[in-house]
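J.: Need coordinates for the following:
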Amino acid sequence: MNTEISCPFCHFSKKIPEKKIPASARWAVCPRCNQKFEIVPSARVTRYPDKQAVPGWNLHGSGQDNTEETLVGGTPWENRAETGLVKGIWRTFRDALFSPSRFFREQSTEEGIREPFAFGLLAGAVGHMLGIFWPVLMMSAGIFPFGDTLFGHLSAGLIFLVMLVAVPVSVTLTMFLYSGVLHLLLLITRGGDKRFQGTFRVVAYSQAAQAWDLVPVVGGWIGSIWQVVIQVIGLREVHRTSYLRVLTAFLLPMGLFFLVTVIALVYFFA
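T.: Residues are numbered from 1 along each chain as shown. Reported below is the predicted structural model:
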């Protein structure tokens, strides 16, 4: 059975399955006008509009610690049918880059991975193409002396065609493989309570950091660091775990590599 919730500001309405609306739900945020308003779960009617807005169509409930907990929600990208494509993309980039804690706290992990995958593929492919574009441009301008050796026999059209095919495939494989390994490490540290799709959603939306590739030369380095920060914050919020467990999952491969290196050196010198 579905319940229809209507925004008192712009009168946009949306039906939500009853099973996704716990009895403690008290707040909703309209995906169209971005306004927050109070609801009465028992009567399923709205009252007392509150202009303190946060993005996405979310429902919030008050727990015993008097803090709001996200119960139902979607990202601006997933609500682009109501907000518009451009606004949905812009808000997703903005929130993922500069408000990752709130962005991941206010989304549901039960919506699957199709929409996050679409956004991650779009952002990741465009970002990687920009990351390749700047070095190729500098090489063709003669800034790098070895540019003719690498790309002298390739036309610009051929380079673009290769990028158009190879980059999306590379981004897709990287997102799934990286998410799988990362989720396995989270399970080892007991920090992966929201299953694989929760981890994948964080990895996919963290591709928003590829926007830094708009900056020549240093943009890729900034984006890589920014992406890891988004992932650490996002995994902590999505899996409702601690930063210690998340950071341990990230550092575990380095620790294993260091241990193997020490064992190899000891064996070699022994």
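
J.: Following element in sequence after the longest helix along the chain, please.
T.: Counting by DSSP state H, the longest helix found in the chain is helix 156-188. Sequence order places helix 195-205 as the next helix or strand after helix 156-188, per DSSP states H and E.

J.: coming back round to it: tell me which residues in the longest helix of the chain are buried?
T.: For helix 156-188, burial by neighbour count (16 or more other Cβ atoms under 10 Å) applies to 163, 167-168, 171, 175-176, 179, 182-183, 185-186. For the C-beta atoms, the positions are set from N, CA and C on the backbone; glycine is no exception.

J.: The stretch 1-150 of the chain: helices as residue ranges?
T.: Ranges of helices in the stretch 1-150 of the chain, per DSSP state H, counting those that start in this stretch, are 80-83, 85-98, 100-105, 114-140, 147-151.

J.: residue nearest the centroid of the protein?
T.: Against the mean C-alpha coordinate of the chain, by Cα atoms, centre = their mean, the closest residue is residue 205 at 1.8 Å.

J.: so what's that one up against?
T.: 75, 77, 92, 96, 103-104, 116, 119-120, 230, 234 (Cβ atoms under 8 Å, 6 or more residues apart in numbering).

J.: just residue 241 next, same as before
T.: With contact set as Cβ under 8 Å, 6+ apart, residue 241 has these partners: 186, 190-193, 235.

J.: sorry, back to before: so how far is residue 184 from the residue nearest to the centre of the chain?
T.: For residue 205, the distance to residue 184 equals 20 Å [Cβ to Cβ, to the nearest Å].

J.: before we move on, what about residue 210?
T.: Distance of residue 210 to residue 184, given as Cβ to Cβ: 24 Å.
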